[in-house]
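Asker: Next come a sequence and a model predicted from it.
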Amino acid sequence: MADWVTISSLATAGGTLVLAVATFASVRSANRSARVAERALLIGLRPVLTVSRETDPGEQIGFGDEHYFRVEGHTAAVDEVGGNVYMAIPLRNVGSGLGVLHGWRLAKGRRAGGDPRDLVDDFRTQQLDLYIPPGEIGYWQGAVRDDSDPFLIPAREAVAEPDALTIDLLYGDHEGGQRTITRFVLFPSEDNSSAWPVRVLRHWRVEGMDPRPLD
């Protein structure tokens, strides 16, 4: 004779197990959907800076000590005047979010894209807020003037020899997130002018998983 109490208990346990499995699957699916939605939102805010196009209009750039020069599309500028070195890179934001420049680092010579990036805390903070809207052009500018500045000698030597300059720019979105480092290499002009050809080597995402981690 069937033990209906036992059968009932097993049926209840089985139903509970099925419900638990279904709930677990539902929660996993909801979490996955939430991560996808969050990623889509972040992509919508992410700036990506690269060098401007050759057809982009030039920019007139001025510094606090009244030094001025003009950068044309796809061409950086490096100029030494009175021992001070002035630099600028024309930029285009190919991302979908507003780009805000946070800081920069300089190195003499051409650093490879595979070289490890520097720590965020080692970047020099921008003294002037520079914003680049999505799909628009703008620029980065920097100068080294103080004899105690560790960037001054490498910058002077690059102009005098001449040699390439590697500029790493740190930037993010308007809320301070989505921080990215992009490496630019500036090559001295053949006619010793202040117009230096420039190219982008690599982008690093500071937060989250880097799609091409090398360090």
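Answerer: All right, it came through fine.

Asker: quick one, strands of this protein?
Answerer: Ranges of strands in the chain, per DSSP state E, are 49-51, 59-62, 68-71, 75-81, 84-93, 99-108, 124-125, 131-132, 137-144, 165-172, 180-186, 195-205.

Asker: any idea how far the second one is from the chain center?
Answerer: Pointing back at strand 59-62 there. Relative to its chain's centre, strand 59-62 lies at 22 Å (CA atoms, centre = their mean, to the nearest Å).

Asker: Repeat that for the fifth one.
Answerer: Strand 84-93 has its average C-alpha position 15 Å from the chain's average C-alpha position, going by CA atoms, centre = their mean.

Asker: State the mean pLDDT of that strand.
Answerer: Strand 84-93 shows a mean pLDDT of 98.

Asker: what angle separates it from strand 137-144?
Answerer: In terms of direction (axes from the mean of the first three to the mean of the last three CA atoms, to 10 degrees), strand 84-93 departs from strand 137-144 by 160 degrees.

Asker: Tell me the strands beside strand 84-93, with direction?
Answerer: strand 49-51 (antiparallel), strand 75-81 (antiparallel), strand 137-144 (antiparallel) (DSSP bridges).

Asker: Tabulate those strands in JSON lines, adding columns for mean pLDDT, mean neighbour count and distance to Leu106.
Answerer: C-beta here means a position set from N, CA and C on the backbone, and glycine is covered the same way. Below are the strands paired with strand 84-93 laid out as JSON lines (pLDDT from 0 to 100; neighbours: other CB atoms under 10 Å; distance: least, CB to CB, whole Å):
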{"stretch": "strand 49-51", "mean pLDDT": "97", "mean neighbour count": "20", "distance to Leu106": "17"}
{"stretch": "strand 75-81", "mean pLDDT": "96", "mean neighbour count": "21", "distance to Leu106": "10"}
{"stretch": "strand 137-144", "mean pLDDT": "97", "mean neighbour count": "21", "distance to Leu106": "7"}
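
Asker: Thr16: which of the strands of the chain is closest?
Answerer: strand 195-205 (43.8 Å; CB to CB).

Asker: quick one, the closest one and strand 84-93 angle?
Answerer: With the same axes, to 10 degrees as the basis, strand 195-205 and strand 84-93 are set at 60 degrees to each other.

Asker: Spatially central residue for this protein, please.
Answerer: Thr180 (2.7 Å; CA atoms, centre = their mean).

Asker: So that one sits against Glu207, correct?
Answerer: No. Contact criterion CB atoms under 8 Å: Thr180 and Glu207 do not qualify, at 9.1 Å.

Asker: shaky segments in the chain?
Answerer: Along the chain, the parts satisfying pLDDT under 70 run over 1-11, 13-15, 17-44, 208-215.

Asker: re the thing from before, using TSV, lay out the strands of the chain together with distance to Glu157.
Answerer: Output for these, formatted as TSV (distance: least, CB to CB, whole Å):
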stretch	distance to Glu157
strand 49-51	23
strand 59-62	23
strand 68-71	20
strand 75-81	10
strand 84-93	10
strand 99-108	6
strand 124-125	18
strand 131-132	30
strand 137-144	12
strand 165-172	10
strand 180-186	14
strand 195-205	15
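
Asker: for those strands, which one sits closest to Gly114?
Answerer: Closest to Gly114 of these, according to CB to CB: strand 195-205, at 7.8 Å.
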